[in-house]
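In: need a 3D model of the following:
(2 chains)
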2 protein chains.
Amino acid sequence: MTGINGAQQLLETARELGVRICFANPGTTELTLVHALDAVPEIRPVLGLFEGVCTGAADGYSRVSGQVALTLLHLGPGFANGIANLHNARRAGSPIINIIGDHATWHLPFDAPLTSDIDSLAKPVSKAVLYLDSPDTLRDDVVRAYDLAMSAPGAVVTLIAPTDVMDAAPATGQNPVAPQSRKVGFNEVSKEEIVRCAQSIPSDRECILLLGGNALGEAAIRAAGRIAEKTGARLLMESYPRIANLGGDLPRLERLAYFPQDVLAQLGDATVVLVGAKTPTSYFGYEGQPSQLVSEDRLVSLASESDACAEALEALIDHLPSAAVRTVRDLPAIPPRSAELSADDIIEELVVQLPEGAVISLEGSTLGAPFFRQAHRARRHRVMTNTGGAIGQGLPCAVGAALGAPDARVVALQSDGSAQYTLQSLWTMARERLPVTIIMASNHRYGILQTELKRADVDLAQPAIEKLTVLADPKTDWTALAAGYGVEAVRVTTPAEFSAALRRGLELDGPLLIQAELP
Amino acid sequence: MTGINGAQQLLETARELGVRICFANPGTTELTLVHALDAVPEIRPVLGLFEGVCTGAADGYSRVSGQVALTLLHLGPGFANGIANLHNARRAGSPIINIIGDHATWHLPFDAPLTSDIDSLAKPVSKAVLYLDSPDTLRDDVVRAYDLAMSAPGAVVTLIAPTDVMDAAPATGQNPVAPQSRKVGFNEVSKEEIVRCAQSIPSDRECILLLGGNALGEAAIRAAGRIAEKTGARLLMESYPRIANLGGDLPRLERLAYFPQDVLAQLGDATVVLVGAKTPTSYFGYEGQPSQLVSEDRLVSLASESDACAEALEALIDHLPSAAVRTVRDLPAIPPRSAELSADDIIEELVVQLPEGAVISLEGSTLGAPFFRQAHRARRHRVMTNTGGAIGQGLPCAVGAALGAPDARVVALQSDGSAQYTLQSLWTMARERLPVTIIMASNHRYGILQTELKRADVDLAQPAIEKLTVLADPKTDWTALAAGYGVEAVRVTTPAEFSAALRRGLELDGPLLIQAELP
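Out: Down below sits the predicted model:
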């Protein structure tokens, strides 16, 4: 290629590496890159009206496809709007390359209004921040970013692209792009480590396999299931998986609880074998409760988040002794239906209607908690959760999933408080005609905060507490917000209405928002 | 006070210093502070559904009142959502103290999901980041933060508040709060500097007084006006003032242009005297154009942004020679009205209807450019602009202005693209019944990007460019979005409809959104 500029070089290199999508919210400093997208049409530009939509969508796309997604964001402040969902993406190990346009190198010293310390902003959510300081090394820089993003367990990498470097003509004859693996390169667990792990699992104590990260892929779950059958081990998954395969004929997984007391009760004195999961840790620190919820002497690590978990589990099977008795914990019974719509009603209907191969983007515990109790009864599906706790992930992640898995129906199980942070996602859903059904659990309050306050014996009926935890004045009308963005919407208050709405949503060519009024 | 905890100590100290408002979007790590707000009822909690609403509102509040506003934000990712508007607040020199809840100090090492490098995120927008590491030094820390926030020209300061320090009982007998000035302490310009400045203004060349920062207060503008009358100097204001007094009997100010070519033409070979304004600099770097738009030999500095500008201008008058001829540039004529609504029609009507003492929050050039050409014809008002270029400032700033200047009508002159970033502001306007009239310039495109591309001779009719600059598929229905948040709204397409809508908006007790469809 001759006569190209730096921006084209950057995108062309990404294309050669297999990148196919760019979630963008550009400004003036990104215009050369915007223009260059027309020279590299294989990379699809998807516009978000807010940067958090772009970064959350990139995360969702990467989770369902395993491929690198690009974002294109405007200088420090624009990038900052995308940090929350990059925090989640970092925790999820999602391969993402952010491209941030910056002032021309020679303009930076003049401290123009939009100048800021991009490096300081980007580092907390990036495995690496690369400043593209010359058009002549662009290819190498992009390859390096790609390699870092695809290194286990997957990572967020940020490129700072000054306008003059994007405008300039790169030197010809730069290094060709070597063929790259298009999969994250997980590390193999050695035979010795497998044996050591097997030996450190005591046979006289309950054993829990705690699956997380890539151990929630199909092959790993099936291998874990065989171990459970053979040894009587209990199968748990981490509380907030990046993407978990559930339902159909897959072995049932119990979800690790949220509050430390519940985790302690759930784990009892079992040995906990970590498979792609982190050590169970309290989500927040509570006075009088431990931060680490399993003592070191009861922890065994089979595979870290950077290790190939399915292979490790397969290898482990033969080294474990058979056990006659299998521990199965009863799962909670399904509560009876009432006339008023409840979260359980919603999940029960979803379990029945969810089509094979669907992807669920889940944010918030209103629907999340009951869903995970019933997910095993649904058809085979995948579910993405909020890995880092930065809220506003669910809707953008659904956008990305629909683009990364175009044959799948996508369902967003969404709490109304969290949805506010990135509601602009609805517009991108309408624009791209994405088959996303949004189930908006509308209880018009910050339920988790009220739960925490009640646990601390705080009276909720105090002015400031009410002001900062109750969202009922005014109540958000999500059907109107959806209409504002061109998304069809319906409000439901009974199980029957919800059932009909869900059926319609799952048939539509584009998005449908169901505002489910909950107590 | 005995028996209080760290959170109460923090807020009580802020109250003693005169702080009266807290813009909050709290999470679990802020609950002790939420609870403490009920113990310090003089500090009003105002909830935002998104952190950018809180930080933008704090900025607006500070600009109109000159007082410190608090924000209360949730850990690193929650804070990150507020960075864009803090970037603007930093450029505006707005006194703001951010309180960020953090994990308990003893929980931090466990790297729970929401753990992040808050310091790295906060530094780029903060004059100082203070980690509140002990309840016993809290009073001193808060006083220090307040002093820093109120030091000229005003600053953003960030406090990181770990839950265990907020929960703990502070030592009794901490230092009492010394009486503090409740005004930003601008520095006096010495007589010697005034004389030096007067002597360095050549009498044989046109002279421009470029007013910015606190030189756009009433006293400074009037003093500048007297200088202009005496010497024939031209009066300009910086392109993006934090808050400027305009209209009524105030001297007319010409606004510094945006594009470098226009600034160069506007300034000619005049001597430019900086009064609280920065050296004219190109907003972005353009190949072949200078970054600094006035050469050093034509620059004279009377007062920096940290100096007391009104006093400096008053002192300067007597040192300048009288001149017979006064340079007055013609301002553009008002274009004739057409049947279809135009930005000029909107501004013309606004100039007529704007009530005395109104505050305008202006974001975007669609309405901003024509407004500044006509503002001198309106009744006395104040106008806030986007000082840092991080978009999504206009609506939150209007929220803060309405709370900080409760007797004023607030008008938001808003571009539709920018409004998307913090549209959740509408909910807070409805909840707090704020008398804000929003004029939403709806052209359904990123006009500034199209302008830049056209200036670079790029064809706009290319797929990626169209995809990333045109917002017409689907068109956002702002009346529906407003309805979703409980805000009355009306769509207008003619000057007559706009006139009626504006009249209604300026009479309403609460907010009104006017969706003005523009070509």
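In: from here on, just use CA atoms for contacts and neighbour counts.
Out: Noted.
In: which residue sits closest to A:Val263 in space, ignoring its chain neighbours?
Out: A:Ala257 (5.1 Å; CA to CA, 6 or more residues apart in numbering or on different chains).
In: contacts only, for the one you found.
Out: Contact analysis of A:Ala257 by CA atoms under 8 Å, 6 or more residues apart in numbering or on different chains lists A:Ser239, A:Val263, A:Gln266.
In: surely A:Gly248 touches A:Arg380?
Out: Yes - in this structure, A:Gly248 is within contact of A:Arg380 by CA atoms under 8 Å, at 4.4 Å.
In: residue contacts, A:Ile438?
Out: A:Ile438 sits next to A:Val411, A:Ala412, A:Leu413, A:Gln414, A:Pro511, A:Leu512, A:Leu513, A:Ile514 when contact means CA under 8 Å, 6+ apart.
In: helix/strand/coil for A:Thr437?
Out: With DSSP: H, G, I helix; E, B strand; the rest coil as the basis, the three-state label of A:Thr437 is strand.
In: tally of neighbours for it?
Out: 27 (other CA atoms under 10 Å in any protein chain shown).
In: who does it form a beta bridge with?
Out: In this structure, A:Thr437 has the following beta-bridge partners (DSSP bridges): A:Val411, A:Leu512.
In: my guess is it meets A:Ala408, correct?
Out: No - shown here, A:Thr437 and A:Ala408 do not form a contact pair, counting by CA under 8 Å, at 11.6 Å.
In: for A:Met384, grab phi and psi.
Out: In this entry, A:Met384 is assigned phi and psi values of phi -110, psi 140 (degrees, to the nearest 10).
In: read off the pLDDT value for it.
Out: A:Met384 carries a pLDDT value of 98.
In: quick check: closest non-adjacent residue to it.
Out: Nearest residue to A:Met384 in three dimensions, chain neighbours excluded: A:Ile243, at 4.4 Å (CA to CA, 6+ apart).
In: what's the answer for A:Tyr131, then?
Out: Leaving aside its sequence neighbours, A:Tyr131 sits nearest to A:Ile160 (CA to CA, 6+ apart; 4.8 Å).
In: what residues sit buried inside the helix or strand hosting that neighbour?
Out: Here A:Ile160 is covered by strand A:156-162, with elements defined by DSSP states H and E. Buried residues in strand A:156-162, counting neighbours by 16 or more other CA atoms under 10 Å in any protein chain shown, are found at A:Val156, A:Val157, A:Thr158, A:Leu159, A:Ile160, A:Ala161, A:Pro162.
In: now swap in stretch A:435-455 and tell me
Out: Counting neighbours by 16+ other CA under 10 Å, one finds that the buried residues in stretch A:435-455 are A:435-450, A:453.
In: helices - which of those land there?
Out: Secondary structure from DSSP state H places A:Gly447, A:Ile448, A:Leu449, A:Gln450, A:Leu453 of these in helices.
In: let me know the closest of the residues you listed to chain B.
Out: Lowest distance from chain B to these (CA to the nearest CA) belongs to A:Leu449, with 6.0 Å.
In: that closest one and B:Glu30 touch, don't they?
Out: No - A:Leu449 is beyond contact range of B:Glu30, at 9.6 Å (criterion: CA under 8 Å).
In: overlap in contacts of the two?
Out: Common contacts of A:Leu449 and B:Glu30 (CA under 8 Å, 6+ apart): none found.
In: okay, helices next: where are they in the stretch 301-450 of chain A?
Out: Assigned by DSSP state H, counting those that start in this stretch, the stretch 301-450 of chain A shows helices spanning A:309-317, A:343-353, A:365-374, A:394-404, A:416-419, A:425-431, A:447-455.
In: scratch that, the stretch 51-200 of chain A is what I was asking about
Out: If you assign secondary structure with DSSP H, counting those that start in this stretch, the helices in the stretch 51-200 of chain A sit at A:51-65, A:75-80, A:83-92, A:118-122, A:138-149, A:163-167, A:191-199.
In: quick check: which of these is nearest to A:Gln289?
Out: Proximity of the helices of the stretch 51-200 of chain A to A:Gln289 was assessed by CA to CA; the nearest stretch is helix A:83-92, lying at 24.0 Å.
In: off-centre distance for that closest one?
Out: Centroid displacement of helix A:83-92 relative to its chain, using CA atoms, centre = their mean, to the nearest Å, is 8 Å.
In: what of stretch A:24-42?
Out: Between the mean C-alpha location of stretch A:24-42 and the chain-wide mean there is a distance of 26 Å, by CA atoms, centre = their mean.
In: now secondary structure and pLDDT too, for the contacts of A:Ala257, in TSV please.
Out: Supplementary listing: these in TSV, determined by DSSP: H, G, I helix; E, B strand; the rest coil; pLDDT from 0 to 100:
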residue	secondary structure	pLDDT
A:Ser239	coil	97
A:Val263	helix	98
A:Gln266	helix	97
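In: of those, closest to chain B?
Out: After measuring the contacts of A:Ala257 against chain B - CA to the nearest CA - the closest member comes out as A:Ser239, at 10.7 Å.
In: do I have it right that that closest one meets A:Arg255?
Out: Yes - with contact taken as CA under 8 Å, A:Ser239 and A:Arg255 are classed as touching, separated by 5.8 Å.
In: apart from its chain neighbours, what residue comes closest to A:Lys475?
Out: Take A:Lys475 and drop its neighbours on the chain: the residue closest to it by CA to CA, 6+ apart is A:His444, 6.3 Å away.
In: and that neighbour, how close does it get to B:Ala480?
Out: To B:Ala480, A:His444 is 19 Å away according to CA to CA, to the nearest Å.
In: same question, A:Asp307
Out: 49 Å.
In: pLDDT below threshold where in chain A?
Out: Filtered on pLDDT under 70, chain A yields the residue ranges A:1-2, A:179, A:324-337.
In: can you rerun that using 50?
Out: The model of chain A has pLDDT under 50 over residues A:1.
In: from the helices of the stretch 51-200 of chain A, which stretch is densest packed?
Out: Between those, helix A:51-65 has the highest mean count of neighbours, a mean of 31, where neighbours are mean count of other CA atoms under 10 Å in any protein chain shown.
In: extract the CA atoms of it and return them as PDB.
Out: Listed in PDB are the C-alpha atoms of helix A:51-65, where the atom choice follows Å, rounded to 0.1, in the frame of the first residue of the first chain:
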ATOM      1  CA  GLU A  51     -18.500   6.700  25.300                       C
ATOM      2  CA  GLY A  52     -19.600   4.200  28.000                       C
ATOM      3  CA  VAL A  53     -21.900   2.700  25.300                       C
ATOM      4  CA  CYS A  54     -18.800   2.200  23.100                       C
ATOM      5  CA  THR A  55     -16.600   0.600  25.800                       C
ATOM      6  CA  GLY A  56     -19.400  -1.600  27.200                       C
ATOM      7  CA  ALA A  57     -20.300  -2.700  23.700                       C
ATOM      8  CA  ALA A  58     -16.600  -3.500  22.900                       C
ATOM      9  CA  ASP A  59     -16.600  -5.600  26.100                       C
ATOM     10  CA  GLY A  60     -19.800  -7.500  25.100                       C
ATOM     11  CA  TYR A  61     -18.500  -8.100  21.600                       C
ATOM     12  CA  SER A  62     -15.200  -9.500  22.900                       C
ATOM     13  CA  ARG A  63     -16.900 -11.700  25.400                       C
ATOM     14  CA  VAL A  64     -19.200 -13.500  22.900                       C
ATOM     15  CA  SER A  65     -16.800 -13.600  20.000                       C
END
